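Q: Fold the following and give me the result.
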Amino acid sequence: MIAGGVNLNSSVELNFASLAPSAQSAMMNSVVASGATWIRIALPEPGNEWTLGNFTWYSATEVKAALAAGLHVDGVLGWPAAYAYNANGSLNLGIWDTFAETAAAHYSAMGVTTFEIWNEPNMPGGLTPATYTQMLQTIYPVIKAANPQDNVMVGGLAPVSDSGTEYSPLTYLSDLYQDGAGGYFDSVGFHPYSFPDLPAQNIAGSLPSPTWLSYLPQVHALMLANGDGDKKIWFTEFGAPVSGNGNDMTLSEQACSYTQAFAIARSWPWAGPIFAYSWINWNPNGDGDGDFGLHSAADSTYMVPGMARPALSAFSQAIASTSLSTACPNGL
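A: Coordinates of the predicted model:
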């Protein structure tokens, strides 16, 4: 079985604490009802540490609600505050590492067992492999010393090609190994978006088209070659937009994406949980992130689930099923 998880999305995460406790509980219980057993929660420096040394832990409200509902939490340590950067624009690793280690200790004590270090570090504005390796080498021993069972994950890699300040996942992970990151992570995060193609379409060309059938086995082969074949690849973001992106899919195609993703992943013993991005649509006409929700938004706050989409049913059925086909309904 491949576990399912969800991303609430950034808009909900920023405002979750303002919901009434009953609404918080209802949202988490609805996630559990979908069959998901995991939820991915951002633990950004702003909010958790608004000013240097002043920890306010604003993500704790969401974490508590998730744990109370019986969900496992993937806590993403990322999004540094402005004061964590040097004058030249580089990340001050001393400030950042102190925050990350303090945050990991705080949320681990609450019951968080998985920490994803950064989000899409291979994207522009992310981190060079050398810098990211230094980060892992500092943070990993501290997290593991506090709780050896915690899972420290390479931050979900974006499915991009090598270009300028972007690193393809294979290049980035290969560079991490060359820089000495091996032994400083327990799993690898990946964001295997394939839209506007379906995951089972094996299309030649550059990323992101071939991520599932062609590219992902190459990533695991690289891990195997470096002695990490027993470590899993977690799919910490996956989904497809139905509006607002420019590469939109139909509601039926969005649903079939989940069916195919789970069916393919079940053939890989190294596949970890698949996290739907996202639970609620939050940006249908915005900056290109588009409308990925398993639900439409009930109102302009993007904090309350509206209409459930076919993708929600496909997601739930894929989690529960012991035998899946990559065949799509209606001849897709």
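
Q: burial count for the closest residue to Thr138 other than its chain neighbours?
A: Once flanking residues are discounted, Thr138 sits nearest to Asp97: 4.8 Å by C-beta to C-beta, 6 or more residues apart in numbering. Placement of C-beta: from N, CA and C, glycine included. Neighbour count for Asp97, taken as other C-beta atoms under 10 Å: 18.

Q: what's near enough to touch Asp97?
A: Shown in contact with Asp97 (C-beta atoms under 8 Å, 6 or more residues apart in numbering): 135, 138-139.

Q: per-residue confidence at Ser163?
A: The model reports Ser163 with a pLDDT of 88.

Q: that older thread, which of the contacts of Asp97 are buried?
A: 135, 138-139 (16 or more other C-beta atoms under 10 Å).

Q: I'd like to know which of those are part of helices.
A: 135, 138-139 (DSSP state H).

Q: Present those as JSON lines; the columns should include distance to Ser243 and pLDDT.
A: Output for those, formatted as JSON lines (distance: C-beta to C-beta, whole Å; pLDDT from 0 to 100):
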{"residue": "Met135", "distance to Ser243": "36", "pLDDT": "97"}
{"residue": "Thr138", "distance to Ser243": "42", "pLDDT": "96"}
{"residue": "Ile139", "distance to Ser243": "38", "pLDDT": "96"}
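
Q: got TSV for those residues, with distance to Gly53 too?
A: Below are those laid out as TSV (distance: C-beta to C-beta, whole Å):
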residue	distance to Gly53
Met135	20
Thr138	18
Ile139	18
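
Q: where's Gly78 relative to Arg40, distance?
A: Separation of Gly78 from Arg40 (C-beta to C-beta, to the nearest Å): 11 Å.

Q: overlap in contacts of those two?
A: Glu116.

Q: Where in this protein is the helix or strand with the lowest mean pLDDT?
A: Least confident helix or strand, the chain: helix 10-15 with a mean of 63, by mean pLDDT, DSSP states H and E.

Q: residues touching Ile95, list them.
A: Contacts for Ile95 were tallied using C-beta under 8 Å, 6+ apart; they are 52, 80, 83-84.

Q: Give me the buried entries from the residues you listed.
A: Counted by 16+ other C-beta under 10 Å, the contacts of Ile95 give 80, 84 as buried.

Q: Strands of the stretch 51-200 of the chain, residue ranges please.
A: Secondary structure of the stretch 51-200 of the chain by DSSP state E, counting those that start in this stretch: the strands cover 54-55, 72-77, 114-117, 151-157, 187-190.

Q: The closest residue to Val154 other than its chain neighbours: neighbour count?
A: Sequence neighbours aside, Val188 is the residue nearest to Val154 in space, at 4.5 Å (criterion: C-beta to C-beta, 6+ apart). The local packing of Val188 (other C-beta under 10 Å) involves 25 other residues.

Q: Which helix or strand lies directly C-terminal to the least confident helix or strand of the chain?
A: helix 21-33 (DSSP states H and E).

Q: hey, C-alpha coordinates of that next one in PDB?
A: Only the C-alpha atoms of helix 21-33 are listed here, as PDB (Å, rounded to 0.1, in the frame of the first residue of the first chain):
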ATOM      1  CA  PRO A  21     -11.400  25.100  17.000                       C
ATOM      2  CA  SER A  22     -14.500  23.300  15.700                       C
ATOM      3  CA  ALA A  23     -13.600  24.400  12.100                       C
ATOM      4  CA  GLN A  24     -10.000  23.300  12.600                       C
ATOM      5  CA  SER A  25     -11.100  19.900  13.800                       C
ATOM      6  CA  ALA A  26     -13.600  19.500  11.000                       C
ATOM      7  CA  MET A  27     -11.000  20.300   8.400                       C
ATOM      8  CA  MET A  28      -8.600  17.700   9.700                       C
ATOM      9  CA  ASN A  29     -11.300  15.100  10.200                       C
ATOM     10  CA  SER A  30     -12.300  15.600   6.600                       C
ATOM     11  CA  VAL A  31      -8.700  14.900   5.500                       C
ATOM     12  CA  VAL A  32      -8.700  11.700   7.500                       C
ATOM     13  CA  ALA A  33     -12.100  10.700   6.000                       C
END
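
Q: what's the angle from the helix or strand just after it to helix 21-33?
A: Using DSSP H and E, the next helix or strand after helix 21-33 towards the C-terminus is strand 38-42. Interaxial angle of strand 38-42 relative to helix 21-33 (axes from the mean of the first three to the mean of the last three C-alpha atoms, to 10 degrees): 130 degrees.

Q: partner strands of strand 38-42, parallel or antiparallel?
A: Here strand 38-42 has these sheet partners by DSSP bridges: strand 4-7 (parallel), strand 72-77 (parallel).

Q: Which one, of the ones you listed, ends up nearest to Pro305?
A: strand 4-7 (11.0 Å; C-beta to C-beta).

Q: Tell me how far the closest one lies from the chain's centre.
A: Relative to its chain's centre, strand 4-7 lies at 8 Å (C-alpha atoms, centre = their mean, to the nearest Å).

Q: Identify each buried residue in that strand, please.
A: For strand 4-7, a neighbour-count test (16+ other C-beta under 10 Å) marks 4-7 as buried.

Q: swap in stretch 252-267?
A: Buried, per 16+ other C-beta under 10 Å, within stretch 252-267: 252-266.
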